[in-house]
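**Student:** Predicted structure and sequence below. I'll ask about it afterward.
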Amino acid sequence: MPDGFENARGEPTNAVYGFTGFLCSLLEQAESGLVGVAFDVSLTTSFRNEIYPEYKANRDPAPVELKRQFAWARQVAEAMGLKCYGDERFEADDIIGTLADCWKQDGHAINVVTGDKDLAQLIGEGDHWWDFARNRRLAYGDIAGHFGVHPEQIADYLALTGDAVDNIPGVPGVGPKTAAALLSHFGSLDAMWGRLPEIQHLRFRGAKTLAPKLEANRAAADLARRLTGIETAVPSALADPEIRRSATDEAQLDELFNELAFGGMLRQRCLACR
């Protein structure tokens, strides 16, 4: 949302306004009472920082004005009866992975609502990766055509190519096409390590000289793989994975919207999403 949205105290509210509109659109289209919302609590204290201190070190801290809106966004979601999660040691991706695993074990197909390719690794038969903003919804069989590798290969793929967004270095000389070719042939990173001599016979540019580079960077690739895999056993989410939506707290929603100076049209839309 553009700048200019603010409450009576002059505090920006554009992010939480946009988030609230997104929640309404999602609930209207999903037509489901099973919705969980995961928030990132910290960029510096996850278990991945314990493994690799430079993880996400390239990101600037969120400004105070935006952190305030994150808190409001969670309050809005909770007032609308949605179960919200956050954890100091695990990221939102890991919470989503844990909830997805819990509900899949209970026989449910899941929709992961995200624009992040990392989360495509959670998708199995019957599930969907849903980039809501771009109106793109991919089933299990669509993932490879879109990302170049199958869902179960996403974490290995990112370990090879690196992920600049999360400050994860990859293997020098291995780009998306090379990583996809390697995983197409070997199936997985683990399988590749035991068959490096085969690489020189593969048909892609640089194949003849790639094996020594991979061997020299094996430790870095294995470290990266520990970072790119999504955790599916976050204790706080396992303790309470019930994401059935509860009733909207109209009084709480009104109080929040008064504080945020949101108009009646958005209020009514939120109340209609039952």
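**Tutor:** Done, it's in. Residues are numbered from 1 along each chain as shown.

**Student:** Quick one: the strands in this protein, in order.
**Tutor:** Using DSSP state E, the strands found in the chain span residues 36-40, 83-87, 111-113, 128-131, 136-139.

**Student:** And the contacts of the shortest one?
**Tutor:** This points to strand 111-113. Applying CB atoms under 8 Å, 6 or more residues apart in numbering, the external contacts of strand 111-113 come out as 26, 30, 96, 100, 119-120, 122-123, 127-130, 132, 137. The way it works is simple: take the backbone N, C-alpha and C, and place the C-beta from them, glycine included.

**Student:** do that again at 6 Å, thanks
**Tutor:** Contact partners of strand 111-113, identified using CB atoms under 6 Å, 6 or more residues apart in numbering, comprise 119, 122, 128-130, 132.

**Student:** And the first one, by the same measure?
**Tutor:** Residues from elsewhere that reach strand 36-40 (CB under 6 Å, 6+ apart): 74, 77, 82-86, 91-92, 95-96, 99, 243.

**Student:** Closest one of the residues you listed to residue 228?
**Tutor:** Nearest to residue 228 among the contacts of strand 36-40 is residue 91, at 12.0 Å by CB to CB.

**Student:** show me the contacts for that closest one.
**Tutor:** 40, 46.

**Student:** now the one 3 residues further on
**Tutor:** Residues near residue 94 by CB under 6 Å, 6+ apart: 230-231, 234.

**Student:** Quick check: residue 59 vs residue 267, distance?
**Tutor:** 34 Å (CB to CB, to the nearest Å).

**Student:** Same drill for those two, tell me which one is more crowded.
**Tutor:** Under the criterion of other CB atoms under 10 Å, the comparison of residue 59 against residue 267 puts residue 267 first, with 17 against 12.
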